[in-house]
Every structure is written in structure tokens, then in C-alpha cells.
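Trainee: next come a sequence and a model predicted from it.
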Amino acid sequence: MAAILIDLQPGDEVIMPSYTFVSTANAFVLRGAKIVFADSSTENPNIDAATIESLITSKTKAIVPVHYAGIACDMDAIMAIAKHHGLFVIEDAAQAIDSFYTGKDGVKKALGSIGHLAAFSFHETKNIISGEGGMIAINDRQFAERAEIIWEKGTNRSAFFRGVVDKYGWVDIGSSFLPSEIIAAFLWAQIEHLDAIQERRKEIWNRYYLGLKDLAKGCNLSLPQIPKYATNNAHLFYLICETSKQREQLISYLKHHQIHAVFHYISLHSSEFYLRSNSLKELENTDYYSDCLLRLPFYYELSSDNLDKIIETINSFYKNV
Ligand SMILES: *Cc1c(COP(=O)(O)O)cnc(C)c1O
């Protein structure tokens, strides 16, 4: 919907990190856009704002920051670049529910409320879920009316229900972007319990952090860093191993102890689909996260006993390397 709303044309360029899920790119590729991948920052897998400006051309239409693990990107920097070059900012806030950014103006803003448009996900892997489903945030009024039409399969049915028009029909392109009432009800109950869900998730996150921080001091192992401007919504917990080989060994060690830990994105700039029509460029930090980042089991029902066992097992692995 965001790609349609900004009236993206074939050949337009969209800048986004390579370390993200395919959906970030597909939304724009489906409108004929060319994706220009930026590197991640050294601090965390988010887009390195300092590299964006060099990727802008006369065809660039939008920047798509992804708030990885629900941790805010450097939004002041990104919004300033976008403003200077007349670009749209579409936040991929898929993982970012209940997370915030405090910029130089000191105002705490919800992720997904900063760019012109933003998309959230309620996929089963997120903090609150509806199985499949999502939400678009329209932060710029100019898009509101058309968004409703695109959302209603390209019809002005919503205006009809409000009594604004006396019949409805096909007025634009669109699709069936809306969830069913049953799915919405399932999600609503979780929104009502968001605070309780988040409280438990933050407990899990903090327990991991406290249980592994001494280890991280001693070994070449990194834990997530939360920039000062960001909050932590406990979407996921990751470690960064020293090498991909070490990560492989840790994964199989954990598996041997019946713990399922998984790596994350295989960077999109090195994907089969992208390389079919583009040449390989080097994105050093992206490759590093692709090779070395490992996610630990993370879900609301994860018991404290199991958490302690996972922490203990990781500690025992590093005793032997
Ligand atoms: C989950 C996720 C998506 C896709 O969400 P869907 O609800 O499956 O469309 C997109 N981007 C990121 C960063 C995600 O984590």
C-alpha cells in the first residue's frame, strides 16, 4: 500500500538495508522499483544513515529504514536527508510495536509515527500476532483518503458507508488489504493485553542480557546495544558470534541440548533473485550480521527454567572454545 500511495513508477529507486526480510523489498519490486541496498551500521543491524546520501540519484523516491529487533534507526539523520532531497520515508516497523525514538527535540515518538508512512506486522513471529496481518500508519494527511480506497479493493465503499457518497464503485487500483473481523478480534485481545505481554517479554530479554553479559566481556561475543535515542521492545534477543564457524558450532551445541537457536537474514544483496539482475557489491557490516548473528529462543511462554538452561548451556559452550 505504501508503494502505491507514493505513486512509485517503474525505474524509481528505493533505498533500504540489505539486512532485512524479503517483504521489505518485494513491496517496492512489485511496483517496478529498483532497490538500492545500504549497509548496516557497526552498532546494530539497522541502516547506516551515514551511507544513505551517497546512494541517492535523480531516480530515488524513498528511503525505507527497518527498525531491526524493534530498535529505532537514527531517524533524525534519515528524516533530514529525506527532507533535503525531497524523498519519502517509509518505516518498516514490522518488529517495532511499542517501541520509541527520542530525537534531538527531546520528544519521545512511537516508531512508525515518524516517516510519511509505516508498516507494522502481526505475523506469528512478532510481539503481538494475528497469524498473518499488518497495519499501515499514515502520518501524512495527503495519503489518508486514497489509502482507504486502496485498502477497499480500489472502491470508495468506506465513503459510501459514511454516507458521503450515495453509491460506491471502482475508482482506483487496490486490493483486499484488510483483515477479516475474526482475525481483527483475535488481534484486539492482544492489544488489550499489550502491557502484560511486553512486561514478560522484557523480563525474558533482561534475563538473557544479565545471564550473558559477563560472558560477552570475556569472549569475543557481542550482545545487542541499544542506542541512547531508542527503547527496547524485547522483540528478539541476539548474540553476535566471532565468526560464522563459531556460530555454526554454537548452533549445533545448543541443538544437541535441545535448544533451537536460529540465524537471521541472508542479506538480500547476495540473494539469488537480486543477483539475477545485479552484480554483487560489498556490504561489510551486512555480511557480518548475516554470518555471525544468532537469535535465541524468544516467546511469551518461555519459562524461566528453560531460560536459565539456555543461558547455562551457552556459558558452558564458551568455556570450551
Ligand atoms: C515480519 C517482517 C516483515 C513482513 O511482515 P508480514 O506481516 O509477513 O508482511 C517485513 N519486514 C520485517 C523487518 C519483518 O520482520
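Mentor: Yep, it's here. Just so it is clear, the model here is predicted, and its values are computed rather than measured. Numbers count the residues shown, from 1 in each chain.

Trainee: residue 158 in helix, strand or coil?
Mentor: Look at residue 158: counting by DSSP: H, G, I helix; E, B strand; the rest coil, its state is helix.

Trainee: what's the spacing between it and residue 174?
Mentor: 11 Å (CB to CB, to the nearest Å). Bear in mind the C-beta positions are built from the backbone N, C-alpha and C, glycine included.

Trainee: please say which of the two ends up with more neighbours.
Mentor: Set residue 158 next to residue 174 and count neighbours by other CB atoms under 10 Å: residue 174 wins out with 19 against 15.

Trainee: the more buried one and residue 148 touch, don't they?
Mentor: No: using CB atoms under 8 Å, residue 174 is not in contact with residue 148, being 9.6 Å away.

Trainee: before we move on, the earlier item: anything in contact with each of residue 158 and residue 174?
Mentor: Listed as contacting both residue 158 and residue 174 by CB atoms under 8 Å, 6 or more residues apart in numbering are 149, 151-152.

Trainee: what subset of those residues is buried?
Mentor: If you count burial by 16 or more other CB atoms under 10 Å, the buried members of those come out as 149, 151-152.

Trainee: where's residue 142 relative to the ligand, distance?
Mentor: 24 Å (CB to the nearest ligand atom, to the nearest Å).

Trainee: how about residue 51?
Mentor: 19 Å.

Trainee: same deal with residue 225?
Mentor: From residue 225 to the ligand the distance is 19 Å (CB to the nearest ligand atom).

Trainee: quick check: pLDDT value at that residue.
Mentor: We have a pLDDT of 93 for residue 225.

Trainee: list the contacts for it?
Mentor: Counting by CB under 8 Å, 6+ apart, residue 225 has contacts 43-44.

Trainee: got it, and residue 190?
Mentor: Applying CB under 8 Å, 6+ apart, the residues near residue 190 are 128-129, 197.

Trainee: dump the helix or strand that contains it to CSV, keeping only the CA atoms.
Mentor: Using DSSP states H and E, residue 190 maps to helix 181-192. Only the C-alpha atoms of helix 181-192 are listed here, as CSV (Å, rounded to 0.1, in the frame of the first residue of the first chain):
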residue,chain,number,x,y,z
GLU,A,181,-13.3,-9.4,11.6
ILE,A,182,-12.4,-12.7,13.2
ILE,A,183,-8.7,-12.0,12.7
ALA,A,184,-9.1,-8.4,14.0
ALA,A,185,-10.9,-9.7,17.1
PHE,A,186,-8.0,-12.1,17.8
LEU,A,187,-5.5,-9.3,17.5
TRP,A,188,-7.6,-6.9,19.5
ALA,A,189,-7.5,-9.1,22.6
GLN,A,190,-3.7,-9.0,22.4
ILE,A,191,-3.7,-5.2,22.0
GLU,A,192,-5.7,-5.0,25.2
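
Trainee: how far does it sit from the chain's center?
Mentor: In terms of CA atoms, centre = their mean, to the nearest Å, the centre of helix 181-192 is set 21 Å apart from its chain centre.
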